[in-house]
Every structure is written in C-alpha cells, then in structure tokens.
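Novice: Take a look and give me a structure for this.
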Amino acid sequence: MRLHVLGWQGPWPGEGGALSGYLLEASSGEGLLLDLGSGSLSRLTRIREPKSLCGIVLSHLHWDHISDMFPLSYMPGLADLPVLAQEEPFFARKALESGPWRLLPHEDRVLGPFRLRFFAARHPVPASCVRVECEGRVFVYTGDTNTVPGLAEFCRGADLLLADAGLVESVYAPEKPHLSPRLCAELAREAGVKRLVLTHLSPAVPPEDVLAEAGAFPGAVCAGEGLRVDF
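Specialist: Alright, predicted model coming up:
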C-alpha cells in the first residue's frame with residue numbers, strides 16, 4: 001500500500017499548511033480517504049479524482065477533520081460514494097447529510113480491497129481509530145485520541161501506524177484530547193509496529209522538537225506536505 005499525506009496539521013493550519021487528510025492507495029490502484037480537513041481536498045485532486053475513491057472514513061466530526069467535505073459535495077460523481085461517519089455531534093452530522101454520498105456507520109466492513117476495523121478513541125466527541133488491511137499489509141490511523149486501554153492491541157503488528165501527536169509534553173495532560181509524541185512512540189513500540197508517522201501537528205511546534213520527544217521509537221517521521229510512504 002501507499003500512504004499520501006494531504007493534510008497533517010491541527011487544529012488550525014500554519015502558513016501554506018492543511019488539516020488532517022490522508023489517502024491510502026492499493027497497488028491495484030483503488031483509493032481510500034481518511035478525513036478531509038481544510039486544504040486537503042486540493043491536494044487530493046492533484047493525485048486522483050474523488051469520484052474514483054472506494055470510500056471515505058471520517059474518524060470523527062470535528063471541523064478540522066471534515067471541513068473540506070462541504071466543497072467536495074459540489075463535485076460530480078459522488079452519489080454512490082460510501083462515507084463512514086459518527087452520528088454526533090448532531091449539527092455536524094446534519095451538515096454532512098446534505099451531501100450526495102451514502103452515510104454509513106463505523107462498523108467493520110470491506111470497501112474495495114480495503115478491510116476496515118474500528119476501535120473507540122478517547123476524545124471529546126465520538127471518535128474512532130481505524131485499522132485497514134489490504135494486500136497483506138496493515139495500516140492503523142489513531143485519529144484524535146488520548147491513551148485508551150486496548151489501543152496497543154488494536155495496533156498490534158501494523159506495518160504503518162499514523163498517530164496523533166498533537167500535544168508536546170509541555171502542554172500534554174491525561175485529560176487532554178490528544179496523545180503526545182512520546183506516547184505515540186511508546187504505543188508504537190508496545191504494539192510492535194514497523195513504522196511510525198506522527199501527525200496532527202501544531203504549526204507552532206518545530207518538527208525537530210516533535211521527533212526529539214518520540215525518541216523511544218527510532219525512525220519515526222513527522223507528517224508533512226507531500227509525504228508519501230510505501231509499505
């Protein structure tokens with residue numbers, strides 16, 4: 001599989017940045033989109049037409065993960081596109097219901113060559129971590145979450161883990177809505193994953209500071225514009 005990073009910052013973008021959006025591609029050519037925050041749609045259209053996607057998974061319904069869904073709704077050819085989304089918050093779900101796609105719940109399912117599983121994240125609104133199996137490879141996206149029992153087992157043996165490193169240690173607390181780079185590295189090590197990409201990065205924090213805190217998992221990289229990972 002191949003991961004394209006479309007947007008990697010949060011909850012607001014820095015200059016020229018974009019918010020959470022990730023494209024998975026199978027070697028056979030099919031594509032699965034994970035989240036579509038502001039700025040991500042234009043980057044997606046550089047790579048493929050949205051109507052060619054097998055589906056879209058929205059990890060949760062905060063604006064920094066779904067805002068480009070609304071301009072996407074004007075594009076042609078999306079009437080049968082499966083969009084997997086939470087039921088709450090109600091106002092965000094209601095806005096998504098105005099789109100042309102088919103809204104479906106977060107339930108284990110197959111979309112094209114992609115087999116999806118979900119795990120409840122810990123966030124202020126209903127949110128999911130997503131495990132994708134395709135062509136003998138395993139990808140896990142934590143979405144937005146803090147620590148939660150069972151997450152390491154859900155990530156177990158992944159070829160690539162895309163993890164929420166939204167809060168550096170100086171601002172992290174156990175009651176906050178995101179992991180820290182250190183916790184992402186510890187999660188990756190405990191789960192025995194092969195590769196780690198840190199995302200949902202604050203534009204106020206230099207990437208080198210993020211990586212310095214993730215030293216427990218050598219080889220971790222920060223998501224960034226144009227990052228492509230084959231695994």
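
Novice: can we go C-alpha only for contacts and neighbour counts from here?
Specialist: Will do.

Novice: And the helices in this structure?
Specialist: Shown for the chain, the helices assigned by DSSP state H span residues 40-47, 63-66, 69-72, 90-96, 151-155, 181-191, 207-213.

Novice: mind putting those in a markdown table, mean pLDDT, mean neighbour count and distance to Leu78 included?
Specialist: Formatted as a markdown table, those follow (pLDDT from 0 to 100; neighbours: other Cα atoms under 10 Å; distance: least, Cα to Cα, whole Å):
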| stretch | mean pLDDT | mean neighbour count | distance to Leu78 |
| --- | --- | --- | --- |
| helix 40-47 | 98 | 16 | 14 |
| helix 63-66 | 98 | 23 | 16 |
| helix 69-72 | 98 | 16 | 9 |
| helix 90-96 | 97 | 14 | 13 |
| helix 151-155 | 98 | 19 | 31 |
| helix 181-191 | 98 | 23 | 35 |
| helix 207-213 | 97 | 16 | 36 |
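
Novice: Make CSV out of these and add distance to Asp144.
Specialist: Shown next, in CSV, are the helices of the chain (distance: least, Cα to Cα, whole Å):
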stretch, distance to Asp144
helix 40-47, 17
helix 63-66, 9
helix 69-72, 18
helix 90-96, 17
helix 151-155, 12
helix 181-191, 12
helix 207-213, 17
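
Novice: Which among the ones you listed is found nearest to Pro126?
Specialist: Pro126 lies closest to helix 90-96 among those, at 11.0 Å (Cα to Cα).

Novice: just checking, what packs against the closest one?
Specialist: In terms of contacts (3 or more Cα pairs under 8 Å, 6 or more residues apart in numbering; DSSP states H and E), helix 90-96 is packed against no helix or strand at all.

Novice: Let me see the contact set for Gly39.
Specialist: Contacts for Gly39 (Cα atoms under 8 Å, 6 or more residues apart in numbering) come out as Leu6, Gly7, Gly17, Ala18, Leu19, Asp68.

Novice: again, 6 Å this time
Specialist: Ala18 (Cα atoms under 6 Å, 6 or more residues apart in numbering).

Novice: show me where pLDDT drops low in this structure?
Specialist: Along the chain, no part satisfies pLDDT under 70.

Novice: ranges for the strands of the protein?
Specialist: Under the criterion DSSP state E, the chain contains strands at 2-7, 21-25, 31-36, 55-57, 82-84, 102-104, 109-111, 114-120, 128-134, 137-141, 160-164, 196-199, 221-222, 228-230.

Novice: Make a markdown table from the ones you listed and add mean neighbour count and distance to Pro76 to it.
Specialist: Listed next are these as a markdown table, based on neighbours: other Cα atoms under 10 Å; distance: least, Cα to Cα, whole Å:
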| stretch | mean neighbour count | distance to Pro76 |
| --- | --- | --- |
| strand 2-7 | 25 | 21 |
| strand 21-25 | 24 | 19 |
| strand 31-36 | 26 | 17 |
| strand 55-57 | 24 | 15 |
| strand 82-84 | 20 | 15 |
| strand 102-104 | 16 | 14 |
| strand 109-111 | 14 | 20 |
| strand 114-120 | 19 | 24 |
| strand 128-134 | 21 | 27 |
| strand 137-141 | 21 | 28 |
| strand 160-164 | 26 | 30 |
| strand 196-199 | 26 | 30 |
| strand 221-222 | 20 | 34 |
| strand 228-230 | 14 | 27 |
